[in-house]
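1. Fold the following and give me the result.
(chains A and B)
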Amino acid sequence: MSVIREHTQATLSDAWRTINIDALQEDSSVNFDTSTLHPPLPEASEPEVRQLAGQVRQLLRGGDAEGALRGCLESPVYSNSSELARDAHLQTVIEVLQSIKASDMTPMLQRIYASPGGSECLDVLMKYLYKGMAATSTASGSSAPRTPTRMTPQQTGFSQIGARPGAPTESTGAAMSVLLSWHEKVVEVAGLGCIGRVMTDWRRV
Amino acid sequence: MAAPEVHHLFHNPIADHSFSADRKTLAIARDTTVELYSRVGNAFKLKDELKGHDKTVTSIDIAPNSGRIVSCSQDRNALVWEPTPQGYKPTLVLLRINRAATFVRWSPSETKFAVGSGDRLIAVCYFEEENDWWVSKHLKKPIRSTVTTVAWHPNSVLLAAGSTDAHARVFSSFIKGVDARPQPTAWGERLPFNTVCGEYLNNSAGWVHAVAFSPSGDALAFAAHDSSITVVYPSAPEQPPRAVVTINTQLLPFMSLIWNGEAEIIAAGHDCEAFRFKGGSDGWQLSGTLEAKGRPGMGDEREESALNMFRQMDLKGKVKDDTQLKTVHQNTITMLRPYETSGSSVKKFSSSGVDGRVVIWNV
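-> Okay, here's the model as predicted:
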């Protein structure tokens, strides 16, 4: 009798529904390092990124904006590199983007897209545009930490209001508008497939 | 190009469709049932409903010669429907999986079928005479995630599978006593069960939605969620492939693809229309859509008068009626199948989608 009662009580509470059965299964994806599914990413150190940034700036000063853009898109800094190196590279990309005139964007993107490996380049550019947007929106609160605060499930929705950064300042607004106009131009050239690839790609920048 | 033949069956998604060999019967996976339609004149009329699953039916396939229908469902079962004079008689298959079955296809020999599942394995099923039931053997290693799609090689031994771990793989599904020893191919010579003949990943590694062997079986194409199609040309067993060509497109991801000869692929998916790709081992490219522009009945016939314009503005608050897509399918195409072939080239193919339409296209 008591067994049945225990059993019904156990099933009446739906706690069993929240048991993560994948954790109990030996060969499930939870107990498996998914990073081994992919070939390793190239790693870039911070000095290398700074060196590349120097070369890119030199190209920019020489008036070769397309070369500068290609230069930084062909060697993206992926998520396995240090946070500093990734941020430094993002800054380089944004600097190049800001220095290109609006009227030059589309022809330049079309030239890059038509060249060999150009589709990949624009995918990387799209990744940096989204990363740039995320960075400008989190950095807009003057002293907000760069890493987004992670919400734990226990917290209620109300605390999110407090965590929301203050109104964007003028400079971040300008940076965002540059990124948005690039975004529009990249979608025109590389299509919606480009956005899909950024979302599916495991090589995060 | 003649206009496509459109059959709007109902307003529900079609998970999968399959025609019988004489193209007179059409099986549709609709919700938890398999519906059989038969051709009456130019239309398809509902003839029979096969009820046996209690969750969504995810895939069906009619074996062209034997007429057997196999269906699989999220209820973790597969059923083989045997045609008898009294109607279809279902037989349960011992799949031994504890996640949904996602995809099923008969092998060209029709002695086996493969069921992909969310249990990170493929069940290769065959009939055991002595016990009088369908049993399965599992292809497990090295699949790490749900199998979304499978495709058979013409020799009925090699099996390609696409998975959400972003890999397209080629396995051997050789079963002693069922299969004859296959001829050696570029994929492999000795092929015991579960030999991994190839494992492919494209650059950005999206989920694989569709795989297909070329008619000769010497090339493999797969479509992934990064809006790309990758074609693999193997060189020799245990060797790296001769060529791997990836085409990244500007379009939305493809859900299904078929080969038309060795130099053309037709793919369709979230863009609601079918596209043609042409190429070979030295490169592939998108060569256009199969949608005939300016089809009759596509809204252009509405008179463009000022009265009509103001009437539209008054009724709907806008001048143009933009609730219709310009494509035949009004939602994602989920499945393409050859309909009429001559040799290795496809003359007509059929497509089905989330919009409840089955369309037969002329290539």
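
2. measure B:I247 to B:Y233 for me?
-> To B:Y233, B:I247 is 14 Å away according to CB to CB, to the nearest Å. Placement of C-beta: from N, CA and C, glycine included.

3. in the stretch 51-200 of chain B, which spans are strands?
-> B:57-62, B:69-73, B:78-84, B:87-93, B:101-106, B:112-117, B:122-128, B:133-139, B:147-152, B:158-163, B:167-172, B:196-201 (DSSP state E, counting those that start in this stretch).

4. The residue nearest the centre of chain A: what's it in contact with?
-> Centroid-nearest residue in chain A: A:K131, 4.1 Å away (criterion: CA atoms, centre = their mean). Applying CB atoms under 8 Å, 6 or more residues apart in numbering or on different chains to A:K131 gives the contacts A:L90, A:V205.

5. quick check, distance from the helix or strand where it lies to the centre of its chain.
-> A:K131 belongs to helix A:118-139 when assigned by DSSP states H and E. Averaging C-alpha coordinates over helix A:118-139 and over its chain gives two centres that are 6 Å apart (CA atoms, centre = their mean, to the nearest Å).

6. What residues of that helix count as buried?
-> Neighbour counts using 16 or more other CB atoms under 10 Å in any protein chain shown place A:118-129, A:131-132, A:135-139 of helix A:118-139 among the buried residues.

7. what's the answer for stretch A:85-92, then?
-> For stretch A:85-92, the neighbour count (16+ other CB under 10 Å) marks A:A85, A:R86, A:D87, A:A88, A:H89, A:L90, A:T92 as buried.

8. quick one: contacts for the residue of chain B found nearest chain A?
-> Residue of chain B nearest chain A, by CB to the nearest CB: B:Q250 (2.4 Å). Residues near B:Q250 by CB under 8 Å, 6+ apart: A:A190, A:G191, A:L192, A:G193, A:C194, B:S227.

9. do that again at 6 Å, thanks
-> A:A190, A:G191, A:G193 (CB atoms under 6 Å, 6 or more residues apart in numbering or on different chains).

10. How about the first one, nearest residue that isn't a chain neighbour?
-> When the adjacent residues along the chain are set aside, A:A190 lies closest to A:L122, with 4.3 Å between them (CB to CB, 6 or more residues apart in numbering or on different chains).

11. rewinding a little: which single one of the contacts of B:Q250 is nearest to B:G356?
-> Nearest to B:G356 among those, counting by CB to CB, is A:G193 at 26.4 Å.

12. May I ask which helix or strand encompasses that closest one?
-> Using DSSP H and E, A:G193 falls in helix A:170-200.

13. So which other helices or strands are in contact with that helix?
-> Helices and strands touching helix A:170-200, by 3 or more CB pairs under 6 Å, 6 or more residues apart in numbering or on different chains; DSSP states H and E, are helix A:83-98, helix A:102-114, helix A:118-139.

14. Please work out the average pLDDT along it.
-> Mean per-residue pLDDT for helix A:170-200: 91.

15. Could you say which one of the strands of the stretch 51-200 of chain B comes nearest to A:S99?
-> Of those, nearest to A:S99 by CB to CB is strand B:196-201, at 36.4 Å.

16. so what strands line up beside that closest one?
-> Partner strands and pairing direction for strand B:196-201 (DSSP bridges) are strand B:167-172 (antiparallel).

17. Show me which parts of the strand it pairs with are buried, residue by residue.
-> B:H167, B:A168, B:R169, B:V170, B:F171, B:S172.

18. would you list those residues in TSV and tack on pLDDT?
-> Compiled in TSV, those are given as follows (pLDDT from 0 to 100):
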residue	pLDDT
B:H167	95
B:A168	96
B:R169	96
B:V170	96
B:F171	96
B:S172	95
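
19. Let's have those in CSV, adding distance to A:S13.
-> Formatted as CSV, those follow (distance: CB to CB, whole Å):
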residue, distance to A:S13
B:H167, 40
B:A168, 43
B:R169, 42
B:V170, 47
B:F171, 43
B:S172, 48
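
20. Just the CA coordinates for stretch B:253-263, please, in CSV.
-> The C-alpha trace of stretch B:253-263 is given here as CSV (Å, rounded to 0.1, in the frame of the first residue of the first chain):
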residue,chain,number,x,y,z
PRO,B,253,18.4,27.5,-45.7
PHE,B,254,17.5,24.5,-47.9
MET,B,255,15.4,21.7,-46.4
SER,B,256,15.6,19.2,-49.2
LEU,B,257,17.7,18.5,-52.3
ILE,B,258,17.7,16.0,-55.2
TRP,B,259,20.2,15.3,-58.0
ASN,B,260,19.3,15.7,-61.6
GLY,B,261,22.1,13.8,-63.4
GLU,B,262,25.6,14.3,-62.1
ALA,B,263,25.9,17.9,-62.8
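
21. Output the set of residues of chain B in proximity to chain A.
-> When proximity is defined as CB under 6 Å from any CB of the partner chain, chain B approaches chain A at B:165, B:204-206, B:225-227, B:248-253.

22. at 7 Å what do you get?
-> Contact residues, chain B versus chain A (CB under 7 Å from any CB of the partner chain): B:144-145, B:165-166, B:201, B:203-206, B:225-227, B:248-253.

23. Where does the prediction get shaky in the chain?
-> Unless you meant another one, I'm taking chain A. A:1-12, A:139-170 (pLDDT under 70).

24. Switch to chain B, please.
-> Applying pLDDT under 70 to chain B flags the ranges B:1, B:293-304, B:319-321.

25. Tell me where it has helices.
-> B:306-316 (DSSP state H).

26. and whichever residue of chain A sits closest to chain B, how many residues sit next to it?
-> In chain A, the residue that lies nearest chain B is A:G191 (2.4 Å; CB to the nearest CB). A:G191 has 20 neighbouring residues, counting by other CB atoms under 10 Å in any protein chain shown.

27. wait, what's in contact with it?
-> When the contact criterion is CB atoms under 7 Å, 6 or more residues apart in numbering or on different chains, the partners of A:G191 are B:Q250, B:L251.

28. One more pass at 6 Å, please.
-> B:Q250.

29. Repeat that for A:L125.
-> A:L73, A:V186.

30. I'd like to know how far it sits from A:R197.
-> From A:L125 over to A:R197 the distance is 11 Å, taken as CB to CB.
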